[in-house]
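Asks: with the input below, show me the fold.
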Amino acid sequence: MVGEKRLARTRNIGFMAHIDAGKTTVTERVLFYTKKTYRLGEVDDGTATMDWMQQEQERGITITSAVTAVEWKGSIFHIIDTPGHVDFTMEVERSLRVLDGTIAIFSAVEGVEPQSETVWHQADKYRVPKLAFVNKMDRIGSDFFGTVKMMVERLGTHPLITQIPIGVEDRFVGVIDLIRSKGIVWDEQSLGVDFKEISIPKEMEQEASLYRSKLVESIAELDEYLTEKYLNGEEISESEIKTALRKATLSMKAVPVLCGAALRNQGIQPLIDAIVDYLPSPLDIPAVEGTHPVTGEREVRMAKDEESFTALAFKVMMDEGRKLVYLRIYSGVLKVGTEVYNPRLKRGEKISRIFQMHAHQRTRVEEAKTGEIVAVMGLKETTTGDSLCDRSHPMFLEPIDFYKPVMSVAVEPRTNRDQEKLTESLEKLSEEDPTFHVHLDEDTGQTIISGMGELHLDVLVNRLQTEYHLKVNVGRPQVVYRETIEKEVEASAKFMKEMEEVKHFAEVFLRISPNGRGKGTEFRSELAEGTLPAEGLLSIEEGIKESSTVGVVLGYPMTDLRVTLLKANIDKDHPSMLALKIASSNALREGCRKAQPVLMEPMMEVNIIVPEEFMGEVVGDLKARKSSVEAITPKGRVTMIKATSPLTRMFGYSTDLRSLTQGRGTFSMQFSRYDKKIS
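Replies: A predicted model of the protein is given here:
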């Protein structure tokens, strides 16, 4: 019972947003008002608690997700502050995988921006309930209702406005709580610690009444009991509204919307209350599911300390040469000195230390319980995405999806004696970041590093210099291409060989067709059931997968193929899985050579905001870069331009855009798809 009460008060939450929407500023205020910190950290002057890395403080952006824990009115929050820049979207992905709820922060000036959409859909993928906080209500051009409208149009969500602003832009002073029909205004002298409740200003009574009616009507539609009360004209109480709103949020049917101005310390305490009121505890989310590593049968773990131990390793950090692994514990209790079983490694590893994290500061604890997010030492080979469990009750949890790198550069140490140190340092960085790949180019002998974009690679190279004290030379950026085909063909291959006195024979017939862009490689079989043993089909699929990693044009991985197995011949008395695998691999390569293979390059979705007077020059420049301009949307004094552009044409674009717009244009860029290379 004690465990249940603790879990009911626990919230595992994250803050997510587009870059510069004020996410870290909101997080800093939450830390301050929950008395986790005693000074207000600021992103602009490099004092934000959660942006603790030197790179983050210098650049004024969040690069790595930071974890902390705070208390508020008897509730415990485990908080993850995630990056907003698209190059570090993997940090958001792996955080959302282990969170129970999230707060999406939008700038009231820009509204729903591209990376806001990306992180929103990432949260949908993991079925994470959301709150929305419209920040920067004090800025010129802020538009609360316009932002809510964009949430409907761009995110396809059902926002429920629970607060409306009192005043706009520099006249913004507070909010009206529509549930309690009260105004709240903040005292700037006390850094927002002091606030008072007021009656709704006379000039806003009609507007507040209208939006409260809309809120009650929307909630009544989502709850049968309240629908009946509403239709009968009965009053719906404050507690009934909150209960229904919580239910709608947890079932992802609606998103409560709040507003404020974090930099001016306005609107944060009601947001913290809303986290307690509407976001789930570990008891509110479905029991975690997985599979038994041997039998493949479905396994379920309830969120209880008494259950067998189950956790997911979602992040790895190298701390002064020692490996720190972040865990989300789904069930059971973890104690210092115990052995945990890693089903991927098929062996146990011992926990030597457990830490409660506050950004990079650590507090040692002797145990961690269900629902907690902690960091541990002692797991030498466990890596991001690994399941950890009790050896007697093994279980594979759903893994984390990793993005593939789209850009590469060559790096070399300035002195030959640093070559070994470079290799070791890159290994440590790649262990921390699953989207960072390192390989040796056998033709040139160069060390090639690959990542999610220019900023991602620039940060990693800087870390080599600042953290590992390595001076390196960096080559020009190279793009990671893909290959595909443009016409449908049929192909076959035969494999027949005697190895160690065993005859291996198989013949495979395939149809290979182009697949839709971004759909990857799909395999299906048209064989009658029972023609091949089940492991035979798996061997053929494995051969196709392996063969498609090296293309037939320039050796880049192949994608967007639809491969159909038409026929397969084997020796019925001595079936060879190896022969099926090799034959299918050869058939795929042979077919792709005849199917008009082409090179594909990464296409980026580019979103640009420029003052309207520069719109013509910016659009002209995009066309010169072979970009396809898809939308031009005027928004007050600025114009928003959406385009798709080849990554190769966008190197150094930030400098060019600054020159074209006298430093007033901003842009964001994210991977869209691979498409045929533009000559």
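Asks: for the residue positioned nearest the centre of the chain, which non-adjacent residue is closest in space?
Replies: By CA atoms, centre = their mean, the chain has its centre lying nearest to Glu93, at 2.3 Å. Of all residues not flanking Glu93 in the chain, Gln122 sits nearest, at 5.7 Å (CB to CB, 6 or more residues apart in numbering). For glycine as for every other residue, the C-beta is placed from the backbone atoms N, C-alpha and C.
Asks: surely the one you found touches Leu96?
Replies: Yes. Under the criterion of CB atoms under 8 Å, Gln122 makes contact with Leu96 at 5.3 Å.
Asks: who has more neighbours, these two?
Replies: In this view Gln122 and Leu96 are compared by other CB atoms under 10 Å, and Leu96 has more residues nearby, 24 against 20.
Asks: need the contact list for the more buried one.
Replies: Gly14, Met16, Thr102, Val119, Gln122, Ala123, Lys125, Tyr126, Val128 (CB atoms under 8 Å, 6 or more residues apart in numbering).
Asks: quick one: low-confidence parts of the stretch 501-650 of the chain?
Replies: Applying pLDDT under 70 to the stretch 501-650 of the chain picks out residues 636.
Asks: what's the answer for the chain, then?
Replies: Ranges of the chain meeting pLDDT under 70: 1-3, 38-65, 83-90, 320-321, 403, 406, 442-444, 477, 636, 679.
Asks: just to revisit the earlier point, confirm that the residue nearest to the centre of the chain sits in a strand.
Replies: No. If the criterion is DSSP: H, G, I helix; E, B strand; the rest coil, then Glu93 is helix and not within a strand.
Asks: that one and Leu324, how far apart?
Replies: Look at Glu93 and Leu324: by CB to CB, to the nearest Å, they are 20 Å apart.
Asks: what does Asp433 give?
Replies: Taking CB to CB, one finds Asp433 at 14 Å from Leu324.
Asks: on that earlier part again, can you flag which of the contacts of Leu96 belong to helices?
Replies: Using DSSP state H, Val119, Gln122, Ala123, Lys125 are the members of these that sit in helices.
Asks: looking at the residues you listed, which has the most residues close by?
Replies: Per-residue neighbour counts (other CB under 10 Å) across these peak at Val119, which has 28 neighbours.
Asks: tell me which residues touch that residue, please.
Replies: Contacts of Val119 by CB under 8 Å, 6+ apart are Met16, Ala17, His18, Thr82, Thr89, Val92, Leu96, Ala104.
Asks: farthest pair in the residues you listed?
Replies: The span of the contacts of Val119, defined through CB to CB, is set by His18 and Leu96 at 15.4 Å.
Asks: what helices and strands are in contact with the helix or strand hosting Met603?
Replies: Assigned by DSSP states H and E, Met603 belongs to strand 597-611. Judged by 3 or more CB pairs under 8 Å, 6 or more residues apart in numbering; DSSP states H and E, strand 597-611 is in contact with strand 482-485, helix 615-624, strand 638-646, helix 653-660, strand 666-676.
Asks: follow-up on the earlier one: now for the contacts of Leu96: which two are most distant?
Replies: Gly14 and Lys125 (14.1 Å).
Asks: help me confirm that Thr648 is found in a helix?
Replies: Yes. The assignment for Thr648 is a helix, going by three-state DSSP.
Asks: with adjacent residues omitted, what lies nearest to it?
Replies: Nearest non-adjacent residue to Thr648 (CB to CB, 6+ apart): Val479, at 5.3 Å.
Asks: how many residues are close by that neighbour?
Replies: 16.
Asks: report the beta-bridge partners for Phe523.
Replies: Val563 (DSSP bridges).
Asks: contacts only, for it.
Replies: Neighbouring residues of Phe523 by CB under 8 Å, 6+ apart: Ile540, Glu541, Ile544, Val563, Thr564, Leu565.
Asks: tell me which of the residues you listed is nearest to Gln596?
Replies: Nearest to Gln596 among the contacts of Phe523, counting by CB to CB, is Val563 at 16.0 Å.
Asks: wait, doesn't the closest one sit right on Ile544?
Replies: Yes. Using CB under 8 Å, Val563 is in contact with Ile544, at 5.4 Å.
Asks: find residues that contact each of those two.
Replies: Counting by CB under 8 Å, 6+ apart, the contacts common to Val563 and Ile544 are Leu510, Thr521, Phe523, Leu588.
Asks: please verify my assumption that His393 contacts Ser308.
Replies: Yes. The pair His393 and Ser308 passes the contact test of CB under 8 Å, sitting 3.9 Å apart.
Asks: ok so, going back, show me the one of the helices and strands packed on strand 597-611 that comes nearest Met150.
Replies: Closest approach to Met150 among the helices and strands packed on strand 597-611 is made by strand 638-646 (11.0 Å; CB to CB).
Asks: tilt between that closest one and helix 615-624?
Replies: 10 degrees (axes from the mean of the first three to the mean of the last three CA atoms, to 10 degrees).
Asks: strand 638-646 pairs with which strands?
Replies: Strand 638-646 pairs in its sheet with strand 597-611 (antiparallel), strand 628-635 (antiparallel), by DSSP bridges.
Asks: how about the shortest one: buried residues?
Replies: What that stands for is strand 628-635. Buried residues in strand 628-635, defined by neighbour count with 16 or more other CB atoms under 10 Å: Val629.
Asks: report the distance from it to the chain centre.
Replies: Mean C-alpha position of strand 628-635 versus that of the full chain (CA atoms, centre = their mean, to the nearest Å) differs by 26 Å.
Asks: got a list of contacts for that strand?
Replies: Glu612, Met615, Val619, Leu622, Lys623, Thr639, Met640, Ile641, Lys642, Ala643, Thr644, Ser645.
Asks: rerun that using 7 Å as the cut-off
Replies: Glu612, Met615, Val619, Leu622, Thr639, Met640, Ile641, Lys642, Ala643, Thr644 (CB atoms under 7 Å, 6 or more residues apart in numbering).
Asks: so which of those residues is the closest to Pro286?
Replies: Distance to Pro286, by CB to CB, is smallest for Lys642 among those, at 36.8 Å.
Asks: from His574, how far out is the residue of the chain most remote from its centre?
Replies: Distance from the C-alpha centroid of the chain, by CA atoms, centre = their mean, peaks at Glu501 (51.8 Å). Separation of Glu501 from His574 (CB to CB): 11 Å.
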